[in-house]
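Chemist: Sequence first, then the predicted structure, then my questions.
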Amino acid sequence: MRILSSKTTLAILFLVLIWGLSWSIYKTALAYTPPLLFSGTRSLLGGLLLAIFLLPKRDKLKFRQNWHRYSISALFNAVLFYGVQSIGLIYLPGGLFSVLVYFQPVLIGLLAWMWLGERLSLLKITGLVIGFLGILAVSADGITGNVSLLGVSLALLTALSWALGVIYVKKESRHTDSMWMVAMQFIIGGIALIGVGSGTESWSSIVWNGPFILGLLYGATCGIPIAFVIYFKLMNTGDASKVAAFTFLVPLIAVLTGTVFMHEPFTYSLLVGLVLIIISIGCVNYSGKKQTQIAET
């Protein structure tokens with residue numbers, strides 16, 4: 001069994017908690033703001049905030065050499081991921097859409113095998129599939145209404161863009177500073193989203209109340225700079241498909257948050273999903289009898 005270091009384990013759990021809580025926070029905020037402007041604003045603010053902290057290391061930015069890498073990363077991890085997600089939610093129920101988006105860890109496992117040369121054993125494949133079944137079980141009560149082929153396509157495109165973005169960042173990590181990559185991808189992506197949103201949505205539609213400001217501040221601090229710095233550092237220092245498997249816990253945290261704070265019922269499907277997710281993580285992280293350790297982040 002490959003053992004994760006305590007530091008890596010804590011980082012993963014903190015990341016899962018941040019992303020798990022974000023669904024309820026963003027869902028509440030989106031009732032008071034157009035989606036593209038909200039996504040673009042929190043992306044831009046999050047990127048700028050991280051860039052401010054990185055100014056003492058501005059020599060590592062190397063914008064002239066890496067602008068194309070920053071732009072490609074922004075396309076996958078900000079513009080397509082946030083933009084397509086916002087549009088796709090118009091055509092599908094949120095529960096079904098999130099299930100399809102969290103097909104991303106399975107895609108990462110496949111792409112890491114194809115492009116990064118990571119081993120994809122039968123047990124790992126089985127674990128990834130079981131984890132996705134866990135996501136289906138957790139979200140079963142939220143899958144209602146008519147299914148739109150366009151909506152399904154947009155959800156899968158969201159998952160694919162996220163997976164491609166993660167693999168691209170890991171592949172290009174030897175050429176760029178990972179922190180500047182995160183900052184620049186969200187600055188560039190945020191500007192692009194705000195540009196599109198300004199042409200298709202109205203700034204006057206934003207209601208500057210507590211829920212909107214909370215969602216904006218959460219996204220600009222925890223949701224984007226902190227979470228993605230942790231995520232990409234984990235992806236760059238560990239086995240991409242193994243780290244990605246833990247993101248299966250995010251919808252579980254989101255459902256539990258809804259149960260506790262929004263009085264949503266704790267169902268049998270949630271319990272089944274929990275069991276499947278635990279089995280999934282065990283399968284994906286099992287690599288035989290030899291004891292090895294993932295480098296600390």
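Modeler: Noted; the coordinates are in hand.

Chemist: hey, let's count contacts and neighbours off CA atoms from now on
Modeler: Noted.

Chemist: any low-confidence regions in the stretch 151-297 of the chain?
Modeler: For the stretch 151-297 of the chain, applying pLDDT under 70 flags the ranges 235-245, 258, 262-267, 270, 284-297.

Chemist: Neighbours of residue 261, how many?
Modeler: Neighbourhood size, residue 261 [other Cα atoms under 10 Å]: 10.

Chemist: for the stretch 101-250 of the chain, what spans make up the strands?
Modeler: Using DSSP state E, counting those that start in this stretch, no strands are assigned anywhere in the stretch 101-250 of the chain.

Chemist: Please, where are all the helices along it?
Modeler: Listed in chain order, the helices of the stretch 101-250 of the chain (DSSP state H, counting those that start in this stretch) span 104-115, 122-138, 149-171, 178-200, 210-218, 227-237, 240-245, 249-261.

Chemist: which of those helices is buried the deepest?
Modeler: helix 240-245 (a mean of 25; mean count of other Cα atoms under 10 Å).

Chemist: Show me where the stretch 1-150 of the chain dips below the pLDDT cut-off.
Modeler: Checking the stretch 1-150 of the chain against pLDDT under 70 turns up 1-4, 92-96, 99, 138-147.

Chemist: if we can go back for a sec, could I get the helices of the stretch 101-250 of the chain in JSON lines, plus columns for distance to residue 76?
Modeler: Listed next are those as JSON lines, based on distance: least, Cα to Cα, whole Å:
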{"stretch": "helix 104-115", "distance to residue 76": "13"}
{"stretch": "helix 122-138", "distance to residue 76": "22"}
{"stretch": "helix 149-171", "distance to residue 76": "5"}
{"stretch": "helix 178-200", "distance to residue 76": "9"}
{"stretch": "helix 210-218", "distance to residue 76": "21"}
{"stretch": "helix 227-237", "distance to residue 76": "13"}
{"stretch": "helix 240-245", "distance to residue 76": "17"}
{"stretch": "helix 249-261", "distance to residue 76": "20"}
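
Chemist: Residue 91 looks like it's in a helix, true?
Modeler: No. Counting by DSSP: H, G, I helix; E, B strand; the rest coil, residue 91 is located in no helix; its state is coil.

Chemist: Could you measure from the closest residue in space to it that isn't next to it in sequence over to residue 86?
Modeler: Excluding its sequence neighbours, the residue lying closest to residue 91 (Cα to Cα, 6 or more residues apart in numbering) is residue 151, at 4.8 Å. According to Cα to Cα, to the nearest Å, residue 151 stands 11 Å off from residue 86.

Chemist: now do residue 66
Modeler: Counting by Cα to Cα, the gap from residue 66 to residue 86 is 28 Å.

Chemist: out of the two, which sits in the busier spot?
Modeler: The neighbour comparison of residue 66 against residue 86 (other Cα under 10 Å) goes to residue 86, with 19 against 15.

Chemist: so what's residue 22 closest to, chain neighbours aside?
Modeler: That would be residue 223: by Cα to Cα, 6+ apart, it lies 6.9 Å from residue 22.

Chemist: for residue 28, same thing?
Modeler: In space, residue 28 is closest to residue 211, 6.3 Å off (Cα to Cα, 6+ apart).

Chemist: mind listing what that neighbour touches?
Modeler: 25, 28-29, 32 (Cα atoms under 8 Å, 6 or more residues apart in numbering).

Chemist: Pull up the gap between residue 220 and residue 115, please.
Modeler: From residue 220 to residue 115 the distance is 32 Å (Cα to Cα).
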